[in-house]
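Trainee: Could you look at this predicted model? Sequence included:
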Amino acid sequence: MKEFWLQSAEDLARLVEEWGFVPFFKNAVEGFSVEEHTPPHLWFGQEAGPWEWKGPVIRLSHCAYGKFYKGKAMYISRALFPDFANYRRDGYDYDSRMDEGIARRRDNAIMEELLRVPSFISKELKSLVCFSPERRKEFDGSITYLQMQCYVNIADFEYARDRQGREYGWGLARYTTPEAFFGVDFRERVYQNSPEESYELLRRHLEKLLPNASERQIAVILG
């Protein structure tokens with residue numbers, strides 16, 4: 001892939017629109033990550049960089065963001081995410097998954113809250129569903145699993161503010177569902193194709209985007 005540097009949230013938002021899939025971290029496909037296209041002084045420095053750009057990029061491009069790639073973060077464009085979610089969900093909405101007994105019971109408490117209220121800050125959601133020390137240990141695994149299945153995504157990041165109104169610290173993820181985040185457009189498109197048709201559409205897109213990637217590498221991206 002060509003060499004270039006990301007200098008702003010706007011640059012990254014444009015890349016998400018151009019590529020469709022943008023993993024946050026370096027991975028098996030060379031050049032296919034935010035990390036590899038970030039100047040070192042912006043990766044961990046005094047200036048705002050990709051860690052601070054996450055919320056602005058979501059807002060600018062209205063893309064999906066979450067742990068979609070081997071349990072790690074990836075941006076996916078609004079145009080491609082319905083087919084990605086369809087394939088990952090195997091054509092099931094979450095209610096159907098519960099009705100057929102194929103949802104994991106440990107995940108249901110999270111989904112029940114997110115289906116009741118459109119979004120929660122991570123610590124709010126955790127406090128609602130973690131009734132025991134054991135459940136607190138399970139929460140991170142469940143929320144990652146639900147993102148990998150595309151039933152949950154991150155709508156934004158919110159920061160604490162000092163007395164002058166300046167943001168500080170690590171942003172807290174605001175979890176939501178794609179249905180709530182994207183609205184009618186997503187709900188009408190997500191099950192439009194069969195899961196197999198969605199996979200083939202996405203496979204062709206990635207083959208064109210990543211001509212040097214192997215079939216196995218593309219299959220891993222799509223999960």
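Mentor: Received, thanks.
Trainee: where's residue 73, which helix or strand?
Mentor: Using DSSP states H and E, residue 73 sits within strand 72-76.
Trainee: By mean pLDDT, which helix or strand of this structure comes out lowest?
Mentor: Using mean pLDDT, DSSP states H and E, strand 167-176 stands out as the lowest-scoring helix or strand of the chain, at a mean of 84.
Trainee: helices or strands next to that strand in the packing?
Mentor: With contacts taken as 3 or more C-beta pairs under 8 Å, 6 or more residues apart in numbering; DSSP states H and E, strand 167-176 sits against helix 50-61, strand 119-121, helix 122-129, strand 153-161. To be clear about C-beta, it is placed using only N, CA and C from the backbone, and glycine gets the same treatment.
Trainee: give me every residue that touches the residue nearest the centre of the chain.
Mentor: By C-alpha atoms, centre = their mean, the chain has its centre lying nearest to residue 66, at 2.0 Å. Shown in contact with residue 66 (C-beta atoms under 8 Å, 6 or more residues apart in numbering): 73-74, 147, 152-154.
Trainee: got the buried residues for the strand holding residue 73?
Mentor: Buried residues in strand 72-76, counting neighbours by 16 or more other C-beta atoms under 10 Å, are found at 73-76.
Trainee: what about the residue lying closest to residue 73 once chain neighbours are set aside, distance to residue 53?
Mentor: Spatial nearest neighbour of residue 73, chain neighbours left out: residue 24 (3.9 Å); criterion: C-beta to C-beta, 6 or more residues apart in numbering. Counting by C-beta to C-beta, to the nearest Å, the separation of residue 24 from residue 53 is 10 Å.
Trainee: Using the three-state scheme, assign residue 109.
Mentor: Using DSSP: H, G, I helix; E, B strand; the rest coil, the three-state assignment for residue 109 comes out as helix.
Trainee: I'd like to know how far the nearest residue to it once chain neighbours are set aside sits from residue 155.
Mentor: Using C-beta to C-beta, 6+ apart and skipping the chain neighbours, the partner closest in space to residue 109 is residue 129 (4.2 Å). According to C-beta to C-beta, residue 129 stands 18 Å off from residue 155.
Trainee: same deal with residue 58?
Mentor: When residue 58 is compared with residue 155 (using C-beta to C-beta), they lie 7 Å apart.
Trainee: Can I take it that residue 199 is in a strand?
Mentor: No - Residue 199 is assigned helix when assessed by three-state DSSP, not a strand.
Trainee: looking at it, residue 210 is touching residue 222, isn't it?
Mentor: No - counting by C-beta atoms under 8 Å, residue 210 sits too far from residue 222 to count as a contact (11.7 Å).
Trainee: thinking again about what came up before, and the helix or strand hosting the residue nearest to the centre of the chain, how far from the chain's centre?
Mentor: Assigned by DSSP H and E, residue 66 falls within strand 64-69. Taking the mean C-alpha point of strand 64-69 and that of its whole chain, the gap between them comes to 2 Å (C-alpha atoms, centre = their mean, to the nearest Å).
Trainee: Each with direction, which strands does that strand pair with?
Mentor: strand 72-76 (antiparallel) (DSSP bridges).
Trainee: pLDDT on the strand it pairs with, on average?
Mentor: The average pLDDT for strand 72-76 rounds to 98.
Trainee: List the contacts of it.
Mentor: If you take C-beta under 8 Å, 6+ apart as the criterion, strand 72-76 is touched by 12, 16, 20-25, 27, 34, 57, 61, 63-68, 84.
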